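S.K.: sequence and predicted structure, then a few things I'm wondering about:
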Amino acid sequence: MKLTRRALIGSGLTAAALLAAPSVFGQAKPKIVIIGGGAGGATAARYLAKDGAGALDVTLVEANPVYTTCFFSNLYLGGFREFESLQHGYDKIAAGGVTVINDLATGVDRNARTVTLAGGQTLAYDRLILSPGIDFKDGSVPGWSVEAAEKMPHAYKAGPQTQLLKSMVEAMPAGGVFAMIAPPNPYRCPPGPYERISMIAHLLKQKNPTAKIMVLDPKEKYSKQALFEEGWAKHYDGMIDWIGPDFGGGAVEVRPDSMEIVVDGTVEKIDACNVIPGQIAGKIAQIAAVTDDKGWAPVHPENMKSKMDDNVYVLGDSSAQGDMPKSGFSANSQAKVAAMSIRGELLGSKVFPAKYSNTCWSLIAPDDGVKVGASYQPTPEKIASVESFISQTGEDAALRKATYEESLGWYEGITTDMFG
Amino acid sequence: MASRGSIRLALILSLLATEPAIAQELGNSADGARLFKRECSSCHQVGAGARNRVGPQLNGVFGRRAGSIEGFKYSKSITRMGQDGLEWHLETLDAYLTNPKSLVSGTRMNYRGIAETEDRSAIMAYLREWSDNPRDIPEADPTASKPEVDLDPAILGIKGDREYGEYLSSECTTCHQSDGSDKGIPSITNWPAADFVVAMHAYKRKLRPHPVMQMMAGRLSEEEIAALAAYFGEDQ
């Protein structure tokens, strides 16, 4: 790497040297502001407060006082979990020494190093962490807009949208048709739409067994495809029709007012519809102007620092880092690396080489769980996948059940890791 | 499986015949693009709009079953290898590029092969760019080689470094509860250090079967396992 002034400012050594000269930093504790209290932001807040041992001033800004995890929200749709089991408060994070502000961040001034909130407050920072998840790309599905989400929910940010989708599926007439407009790459949670189809099929099998499911997909291939196809044939034979781009799945128009979709020129009447649009980084990352022309925020692979600004880190779905899928597990993994890097910069603590990992579990039917995962390492260009595994087709029932139970354990583990 | 055994055997034979080093990692894709143009492009296309020519187009070749592009007329030999389970990954492509006929005796690919490990790995790096990305299809082939654990001894160096163990432990606590509860996922706290080290090495060597743990332990060095044992072994 070329030694530039930028790189020097970013290095832990220089930060430590600056700390040794209190005239520069003054007596005040370094300030870290984190926007977004999900898997990236909540984890970063907890680890910075815990490992900083009081030497860092950590503020977490999250619009929702109670957070609903997107991961496992499909299990609510399938009737495997109560909605409340997905919800988590911030009281333990606050008790751990983090200032938690329930407000919406509306502005970032990277020159002044301040964040403004909808409520009018201004927060100064030495380091800013952006972990705002996803937003939807305008015009990605013709006929659909965020306003139409009351009629054709996206349910891809968990909360009232998830409940709305479930109530619409439950209200379908006997033998009715459910349609999903699946998203183009890249998007949050690669197996998520297909686990959702499995869960909705499970729900309909109980309550409305003659109902049909259509999946309109702009992608030729999707995550865990062989496993889902095997599971759908086994558990929901004849119920699910997957329509890929060769048969018009990539060019669908939706008509939310008349509950119709237009596939390859043919108008189809449907009874419930889940539109998962194309995605970009969460809005505050766009406002902060740390995103590229594709709408994602490029970061340095070794520490998740923005390539646009040495004082800004971007975690999770919003970041463009390379091979890691956009998932809660990934964001949690990235948050720990970023927290370590920030402590190194501001407190001069040891910075160890980054290790990243991800595993995604999906439920296909009761006690039929599958998983996919990989470990990752930073290379000069990107975070690269180095080893991966995936559940195999034809696995026995005991293994699938153990995989599902493991996923329940993981949910307990990661939510404890995030929220305390 | 007999079929897989025969592929392995073919691989081994090809290596014995020519004794080249095995390209275990992806090389420089810019070099690969130049080499591809010189060595491959008279028969094969890859990239946007690539079509079958004398040889099949090579988009998505990583992870593809041999002889599986519809509409391309393959040799009987490669079709049979595909039916037997031959897929194109780093190892198989490397063997094929080294000497096509040693892997698939009756292939129509009349090509002498590439003896230089570096050149093969460069071409594979270039081809890898035109296959599925793990970000989009997470189970797609890796895009980097698995590292030998390589830590700066000046930073670490100490066996059973508890501070390092604490950092490493953050990877464990995504799944394993730090309070020791064990619903669905076992507890890993308060283990005797020796038991912990033995268990982790058993995953590392894939003697214990769990794929997540094999992967996690697989990239930990002996020092890192010792560091974790030091951290988890204590009363936290």
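M.R.: Perfect, thanks for sending it.

S.K.: what's the neighbour count on residue A:206?
M.R.: Close neighbours of residue A:206, defined as other CB atoms under 10 Å in any protein chain shown, add up to 9. Just so you know, the C-beta spots here come from the backbone N, C-alpha and C atoms, and that holds for glycine as well.

S.K.: so how far is chain B from residue A:279?
M.R.: Using CB to the nearest CB, to the nearest Å, we find residue A:279 at a distance of 12 Å from chain B.

S.K.: ok, that residue touching residue A:133?
M.R.: No: if you go by CB atoms under 8 Å, residue A:279 and residue A:133 don't touch, sitting 9.3 Å apart.

S.K.: contacts only, for residue B:197.
M.R.: B:225, B:226, B:229 (CB atoms under 8 Å, 6 or more residues apart in numbering or on different chains).

S.K.: give me the pLDDT for it.
M.R.: The model reports residue B:197 with a pLDDT of 82.

S.K.: sec struct for it, please.
M.R.: Residue B:197 falls in the helix class when you classify it by DSSP: H, G, I helix; E, B strand; the rest coil.

S.K.: for chain A, what's its nearest residue on chain B.
M.R.: Among the residues of chain B, residue B:184 lies closest to chain A, at 2.8 Å counting by CB to the nearest CB.

S.K.: quick check: chain neighbours aside, which residue is closest to that residue?
M.R.: residue A:409 (2.8 Å; CB to CB, 6 or more residues apart in numbering or on different chains).

S.K.: mean confidence for the helix or strand where that neighbour lies?
M.R.: Using DSSP states H and E, residue A:409 sits in helix A:397-419. If you average the pLDDT over helix A:397-419, you get 95.

S.K.: next, the buried residues of that helix.
M.R.: A:400, A:402-404, A:406-419 (16 or more other CB atoms under 10 Å in any protein chain shown).

S.K.: just checking, what packs against that helix?
M.R.: helix A:39-52, strand A:87-89, helix A:328-347, strand A:356-365, strand A:368-378 (3 or more CB pairs under 8 Å, 6 or more residues apart in numbering or on different chains; DSSP states H and E).

S.K.: residue A:394: neighbouring residues, count only.
M.R.: 7.

S.K.: any idea how far residue A:368 is from the closest residue to it other than its chain neighbours?
M.R.: By the measure of CB to CB, 6+ apart, the closest residue to residue A:394 outside its immediate chain neighbours is residue A:230, 7.6 Å from it. Look at residue A:230 and residue A:368: by CB to CB, to the nearest Å, they are 10 Å apart.

S.K.: which of the two has more neighbours?
M.R.: More crowded of residue A:230 and residue A:368, by other CB under 10 Å: residue A:368, with 21 against 18.

S.K.: just the CA trace of stretch A:166-175, in CSV.
M.R.: Output of stretch A:166-175 as CSV, limited to C-alpha atoms (Å, rounded to 0.1, in the frame of the first residue of the first chain):
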residue,chain,number,x,y,z
LYS,A,166,-49.6,-12.5,7.2
SER,A,167,-53.2,-11.1,7.6
MET,A,168,-53.5,-10.9,3.8
VAL,A,169,-52.4,-14.5,3.3
GLU,A,170,-54.8,-15.6,6.0
ALA,A,171,-57.7,-13.7,4.3
MET,A,172,-57.2,-15.3,0.9
PRO,A,173,-60.3,-17.1,-0.4
ALA,A,174,-60.3,-20.9,-0.7
GLY,A,175,-58.2,-21.8,-3.7
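
S.K.: for chain B, find the nearest of the helices and strands packed on helix A:397-419.
M.R.: helix A:328-347 (4.3 Å).

S.K.: which strands and helices lie in contact with the closest one?
M.R.: Counting contacts by 3+ CB pairs under 8 Å, 6+ apart, helix A:328-347 packs against helix A:12-19, helix A:39-52, strand A:127-130, strand A:312-314, strand A:356-365, helix A:397-419, helix B:162-172.

S.K.: the residue in the stretch 251-400 of chain A that chain B sits nearest to pairs with what?
M.R.: Nearest residue of the stretch 251-400 of chain A to chain B, counting by CB to the nearest CB: residue A:384, 3.4 Å away. Bridge pairing for residue A:384 (DSSP bridges) gives the partners residue A:377.

S.K.: what's near enough to touch it?
M.R.: A:301, A:322, A:323, A:376, A:377, A:378, B:142, B:143, B:144.

S.K.: now do residue A:182
M.R.: Residue A:182 touches A:193, A:215, A:216, A:217, A:218, A:219, A:222, A:249, A:276, counting by CB under 8 Å, 6+ apart.

S.K.: how close does the closest residue to chain B within chain A get to residue B:178?
M.R.: In chain A, no residue comes nearer to chain B than residue A:409, which is 2.8 Å away by CB to the nearest CB. When distance is defined by CB to CB, residue A:409 is 13 Å away from residue B:178.

S.K.: and residue B:133, how many residues sit next to it?
M.R.: 18.

S.K.: I misspoke; the intended subject was residue A:270.
M.R.: Neighbours of residue A:270 using other CB under 10 Å come to 19.

S.K.: relative to residue A:218, how far out is it?
M.R.: 18 Å.

S.K.: look up phi and psi at residue 105.
M.R.: Because you didn't say which chain, this covers chain A. Backbone torsions for residue A:105, taken as degrees, to the nearest 10, come to phi -80, psi 130.

S.K.: please read off the pLDDT at the nearest residue to it once chain neighbours are set aside from the model.
M.R.: Counting by CB to CB, 6+ apart, residue A:35 is the residue found nearest to residue A:105 once chain neighbours are left out, at 4.6 Å. Confidence at residue A:35, expressed as pLDDT, is 98.

S.K.: what's the answer for residue B:163, then?
M.R.: 85.

S.K.: and it, what does it touch?
M.R.: By CB under 8 Å, 6+ apart, the residues touching residue B:163 are residue A:350.

S.K.: with residue A:292 instead?
M.R.: So residue A:292 contacts A:298, A:320 (CB under 8 Å, 6+ apart).

S.K.: what about it, which helix or strand?
M.R.: Per DSSP H and E: nothing holds residue A:292, as it lies in no helix or strand.

S.K.: and it, how close does it get to residue A:324?
M.R.: 17 Å.

S.K.: give me the number of residues near residue 208?
M.R.: Here I'm looking at chain A. Residue A:208, neighbours per other CB under 10 Å, totals 19.

S.K.: my question was about chain B
M.R.: Using other CB under 10 Å: residue B:208 sits among 14 other residues.
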